[in-house]
Structures are given as C-alpha cells and as structure tokens.
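>>> Pasting a predicted model and its sequence here:
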Amino acid sequence: MPTLSQAFPASELWTLPGGLRLAFERRSGPGFAFDLRLPVGSAHDPVGQEGSSGVLEEWLFKGAAGRDARALQDAFDDLGVRRGGGVGPEATRMGVSGLLDDLGASLTLVADVLLRPNLPENELPVLTDLARQDLDSVQDSPTDLLALEARRVAFPRPAGSPLAGFAHPPSGTPKGLEALTADTLRAHLEAYGQAGAVLGLVGDLEPEVALGLVAGALGSLRPGRQPRAEASFQAGQRVHVPDEDAEQTHLSLTAPGISPTDPRWLAWQVALTALSGGSASRLFHAVREERGLAYAVSASPVLLGGQGFLTAYAGSTPARAPETLEVMLAELARLPQGLSADEFRRARSGLRASVVFGAESMRARAGALTRDVAVFGQVRPLAGLRASLDALTLEGVNDFLADYDPVSKMTVVTLGPSDV
Amino acid sequence: MSEVPVTPLIHVLPNGLTLLLEADPGAQTVAAGYFVNTGARDEVPSEMGASHFLEHLMFKGSERLSVSVLNERLDDLGGQSNAFTGEEATVYHAACLPDQTDELLDTLTELMRPALRESDLEAERGVILEEIAMYADQPGIRVIDELRADYWGTHPLGHLILGTTETVGALSRDALAANHRARYGAGRVTLALTGAFDSEAVLAWAGANLADWPAAAAPTAGPPPTPVHPAQVRVIADPDLSRVQVAAEAPGLGVTHPLREAAGVLADLIGGENGALYWALLDTGLADSADLAHLEYRDAGSFEGGFSCDPERAQEVLNTFRAVLRGADTLITDAAVRRAARKLAVSTLLRAETPQGRLFALGMDHMATGRAETTQELVDRYASITAADVREVLKLCPLERLTVVALGPLEKLE
C-alpha cells in the first residue's frame, strides 16, 4: 500500500531521434493514460481550405492498417479504453486511458491511425457534409455563435498569412469545405508528424519500458511540420451581433494578458483566480451573488500564438445585460488597484490545491505533462510549481497589477436581441 | 488508488443520518458530499423548481455564517465545491487536501444549515431566472424537457428541475422553508467521504456535530409511476432554428432491477459511441448526432435518446432511428456484449481513481439502492453480464413504441 505522502513523483522527458518529445511520470495504479499533442490545428488550415484539420482528423479514424472504420473502433473498444482529444485552434490531440496491460496495443492503434490510415475517398463527401451540419448547428447556439464572432473580431487573419488563423471553427467555413479534396487533405497530413509533437504518459511501469513502447509505436512517424499562426489581437473593438430570438444577451470580453514564458505569468494567474476562481471571486460576487444579474459569469486565460489573453463571458436577459456589462467592466477596471491580503491568500491557496487536484487522475496528469512541454518547453515539477506559488507575495502581485489595465484595450462583442 | 480492496463503512446515527465512509490512505485528497434523498419529483406542481431553488439558497449562508464568509471558506478549501439537483437527489460536495479535512466537514455542514434569509431570495431568484433563460437558448435541452413532459404526463418525473419562470417567480420564503423542513430531515441525508481521511475521527466528529440534525417524517412511498407514454410524434415548429432536434423515450428498468447494468449495455450497443445508431446515422452523414441512454429512477426507468439533423432529412432519420431500435435483437451477440461490458467496467474502475470520482459512484448508488459496494464489486457486475441478460432486457423493454418530440423548422413528422 502506498504511504500517505505529499512527495511528488519525478518525471522524465526524452526527445526521440525524429523529434517527438515524450514526458513520462510513473504512478501506481491499475491504469494508464496518454495524451498525444500534434501542433497542427484549425488555425493552421491553409487559407481557402478552412476545415482541413477538422475533416482530416475525422478521416483518419475511417479505418487504418487494414481495418475498416468499424473494425478500428471495435479494436479500441475491445481494449475497453476511453478515447479523448480532438481538434483545437493550435493542436490536434489524441488521448487514451485504460488498463495498463493495454497500453502497448493502444499506442499501436493510435500509431496505425497516424501512420497507416486508409483515407477512403468515398467517405469525404460525408465528412465535409457533417462539418457543414456542424456549422449550421452553430447558428442555433447563441454562445457558440458569440464565441465564433468574438474570434473573428478580436483575431482576424493577418494580411498575407498563408494560414487561415483563428477566425473560424475547426469545422471550417462553407467555402473552405467546398475546396477540400483528397489531395489537399493528404498534403495537409504531411504536417502531422514528430516536429513539435508531445506525448504525455502516466502509468506504473519502468521509464525505459515506457520509452521503448512509445518509440516502438511512434518512432517512425513522419517528420511533420510545426506551423505558427500569429494571433494579431485587435484592441478596443466594439461589435454587436443582432440575434432577435435569443433569450439572453451574451457578452464576450477579450483583452491582452501575459504569455506563459513571462516571469509575470504566475502573478497573472493569481489575479485571474481572484477575479473568477471561485464563489468568493470578484466577478461571481459582484455579478451573481450581489446583483443576481447572471447565472454564468467567468473569466479565464486563453493562449493563442504563444501569447496570453484574458477572456470573460456572461449571459443575461436583454434588460439586464447593460448592467452586467457595466459591472464586469468595473471589476476589470479596478484590477490595477490590487488585491486585498485575503484575496491574495485565497487565490494562491486555490492555485496550490489545483496543482494537486490537476495531477490526481492519470488522465489529467497526462494532459498536464503534454501541456507543460508544449507551452513551457519542459515539465514543471509539481514541487517546484508549489514553491513558485509560495514565493509570490501580495506586494509582487500588486506591483504587477498596478501596470495591468485590461480595460484600456478591451474588445467587446455582444450577441442578442438588442445592442448593449 | 490503493491496491488493497477498500470496503465502505456504513454508520447510522440515532437521528437517522447515514455516514458512508471509504477511506483510502493512498489518496492525495479528500472528497465529501451530503447526498439528500429528495429532488424535483417530490415537488407539488405549483412549486416546481423548489428543490433547485433551495440548492441555490443553501450557498447563501447560515445563521452563523454570512454568504461572503461561507463563499470565502469554500474557496479556502481549494474551490472544488459544487452542488446539483436531480429528480430524486440533491447533492452538495467539496474536496480538499487532507490537512483541511476538519474545515471541509465544518464548512460543508454549515452549508447544510441555511438561514434562508428573505433578503437573499430576490437576487437568487434573478440568478435562477437567468439559468432558465440560458437553457431556453439551447434547443437540445428544450426538446428533452418537452419530451419528458409528454412521456410522464402529470407525474412529477416529468417536472422541469429548474421550474418555470412562473413557478420560480412565485416561490416564497415560507414555501421554500417548508420544503426544506419536510425534505431535509436526517433520515434522508447521507454524508459520504472518500479519500485520505481517518474514519474513526470522522465518526467521532459526526457524533458530536450531526446528532442534533432534525429528523422529519419519512417520505411516503407511492406506487411506481406509470408513464403516459403516448405513441405519438409531437412537432414543435420553430422556424428560427436551422436544425431539427428529435428526442424519443420508451420504458426501461428501475435502479434496483437486477438487470439494470444489462440495460446500460443494451443502450450502449444501440446508442453508444460505437453503437448501431452511430453507424446508421453519423457514419452515413444523415445526422450529426444520435444517441440512446438508459435512465434509472428508484422505481422506474427509461430509454431516452434522439438526434439532430437537417430539416429535410428528419423523416428519413426518424425512420432509420426506429428501424435500429426495432432491430436491436440483432445487435446482441456474445462478442458485442463482452466488448460493451468491458468498456463500462474499465470506465467504472478508472472513474474511481480519484476521491471525487469515487464519491459520486458510492453516494449515488447507496442512495438509490441502499448498497455500498466496493469498486471491484461494481466492476464485477459489468464483467458478469451475458448476452442472455441483455436479451432479457429487450424482452422486458421492447423499444417498439416511442414517445417522440421534434423541435425545429418543420411542420410534420410521423
């Protein structure tokens, strides 16, 4: 039986000869979890071929290594594993968790999908039509539509960029989907390789065994590319999208933040936690507890193109939405005045606890290992991370906040029956 | 999780409050939850939404703690607290690092002794009205609410958990306090803990701190609900939507039925990620979502599912959906059942990996069945399911007669 200990296990980071980085952490328990992140997402769709990454990911699972789509799915299910992942703006992820005995077979199946996909051309019309249906369904969801419009307004494609950028969802655009062919998608697949790819793995096995399993399955993955889409933030925009039928008016706020490699990163995290990290946080208290203006109100960090941004959301019925927006802006505007000692203490202890909670399940830990390597270039040791949090001071955070004024560059996009 | 089997400990206080403790010294955190055996089905129609309203008001502070102090204490635990209201259960839960277990118990228990201040009512009413408006913007949720109303008729299992703007608008402090008195008695409450804690210490704490929890009259068990279950397709035309949402319901098995897990396997064979509906509707591109699940209540159950698609395809997709359900017997092979059962078993095992994951499996199952099974026992239940079990479920629940609701830009569907 393991002893009660807060000591954090050590992790290993290797780079395979082809470039794939493997972050491994040994953990007792019957399971395993891995999270493979390939640095190609919808922002890297070629201009005019929006939807490439989203459709390609679906196509990859339509059979591999001699198995048709159904046999492939059955093979995963025979292992009883849970699959996760999908396509985001900057990466495509494939995650699997299951019982340790099935780790090798699970890695092989993912390798089959990436290295030996059948890519049946007769499936393409169905897949592009499903992406079209997904775009249609966005029209029926005010929050999805708002998120999409907010990206369009805040992060338009830089002129001349060959990459489609952040202004469209993984399902693409109607025009982009029409332009997709088997050849364009096969060409796009060439980017999905070891360059910039990270696999986080947690399980109870010897590190060398873990390395051997991953190298054996994915060591021959094609070189791939690591495209970079620039997030060109448009500050100070104010756009309202009319939606006559929406029950609520939905508010999206975007402002510059701090990048992960900046020394002020943790101070920013503390500030965001005080702003929106719990039921005593400023936004929750001012908007929901004190005034009852909204059920959903939150702020969170978003990373795009290596930069950090603050985004905030709330939904209120139309008559109350102007007050909700006013209160949110007021809360953001008083950030430069700093946190109280209590707020600082609570936010920091919340972040310290989240270090443990975030590492508790193998699946969460595998995802965190991958994210650490992709975002910070290394696995942040949990003990070190806690020490860095402990080293923060109220004065240090407030010195940072004195110069952090998100409202001055805030872009606000609203969607609902009437302008706010 | 620990390598040794952990057996949950059940202890009932003299007032009827149950303690359900599963200590795992190898865990890194502690999770705790008050599982209250009451929910929307215990409401009278004019007070629809009272259970959920109460759940919100519990977070507004006690006689001893103001709302601000309560919120600060919950955040001090690490911000892992929350609550949810269902048809038959209302659950308040939190988690923390082991050295904060005392504060966890104290704060969570204080939360369960709400002041229900008149002055807090109006702001929270506003929050709930916003929550109702938020879901009204989600057609996939609207269609399920409409379906359950058709399927259950006037039985409270067809209630809207959030209530309506009218019922929530009319709920008074007195009505909510009366609901609280009647439905939060010690006999309906279980405090469950999982993770790294000392069972003896918690038992001693409970003896000192929970003994004065007021008892209340035991709930009267009525006859099992009989769904109205009309074999009809009701169309709710909404020309402003671009897609059609269809939801369907048919009888299933209750939570205490011995074939309950086999019913879950049948639902997975038909409507899981690799189920027949996926291959008939998504793989062909006819619909962009399609599923079927088995819902369990204490004395009834149902199979509930649906799909979303282009308006002009709705009839074809519904016909295919019906055909898949009618042909469910062809899906029940030894290999397919083994595959689905293994997936459910592994998923049960992996969910139990963290104290928070284990808390819900343990607490919800105990409240529904009175059992407190180890994770291994739960896993074994799935591992032992046979094709004959699943066939028996289909015999009991033939899935031929469906209550259907369609929402979207269409006039007619049959």
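Alright, I've got the coordinates.

>>> rest of the way, CA atoms for contacts and neighbours
Noted.

>>> mind checking which helix or strand A:Q378 is in?
According to DSSP states H and E, A:Q378 maps onto no helix or strand at all.

>>> tell me the SS of the closest residue to B:A196 other than its chain neighbours?
Excluding the flanking residues, the one nearest B:A196 by Cα to Cα, 6 or more residues apart in numbering or on different chains is B:P25, at 4.7 Å. Three-state assignment for B:P25 (DSSP: H, G, I helix; E, B strand; the rest coil): coil.

>>> same question, the one 10 residues further on
Using three-state DSSP, the three-state assignment for B:F35 comes out as strand.

>>> Pull up the gap between it and B:S66, please.
The gap separating B:F35 from B:S66 is 23 Å, by Cα to Cα, to the nearest Å.

>>> ok, the two, which is more surrounded?
More crowded of B:F35 and B:S66, by other Cα atoms under 10 Å in any protein chain shown: B:F35, with 24 against 14.

>>> isn't that one right up against B:G185?
No: applying Cα atoms under 8 Å as the test, B:F35 and B:G185 come out as separate, 11.9 Å apart.

>>> on that earlier part again, burial measure for the residue nearest to B:A196, as a count.
If you count neighbours by other Cα under 10 Å, B:P25 ends up with 22.

>>> Surely it and B:G195 touch.
Yes: under the criterion of Cα under 8 Å, B:P25 makes contact with B:G195 at 6.8 Å.

>>> The one residue in the stretch 251-400 of chain B that gets nearest to chain A is in what secondary structure piece?
The nearest approach of the stretch 251-400 of chain B to chain A comes at B:K343, 3.9 Å away (Cα to the nearest Cα). Secondary-structure element containing B:K343, defined by DSSP H and E: helix B:334-351.

>>> What parts of the stretch 251-400 of chain B come near chain A?
Selection of the stretch 251-400 of chain B residues close to chain A by Cα under 8 Å from any Cα of the partner chain yields B:274, B:283-285, B:287-288, B:309-310, B:339-340, B:342-347, B:350, B:353-354.

>>> which residue packs closest to B:F59, ignoring adjacent ones?
Of all residues not flanking B:F59 in the chain, B:L111 sits nearest, at 6.1 Å (Cα to Cα, 6+ apart).

>>> Just the buried subset of the residues of the stretch 251-400 of chain B next to chain A, please.
With neighbours counted by 16 or more other Cα atoms under 10 Å in any protein chain shown, these contain buried members at B:274, B:283, B:285, B:287-288, B:309-310, B:339-340, B:342-347, B:350, B:353-354.

>>> Identify the residues contacting the residue of the stretch 301-420 of chain A found nearest chain B.
Taking Cα to the nearest Cα as the measure, the stretch 301-420 of chain A has A:G350 as its residue closest to chain B, at 4.3 Å. With contact set as Cα atoms under 8 Å, 6 or more residues apart in numbering or on different chains, A:G350 has these partners: A:273, A:277, B:75-79.

>>> three-state assignment of it?
Assigned with three-state DSSP, A:G350 falls in the helix class.

>>> What separation do you get for it and B:A387?
When distances are taken as Cα to Cα, A:G350 and B:A387 turn out to be 48 Å apart.
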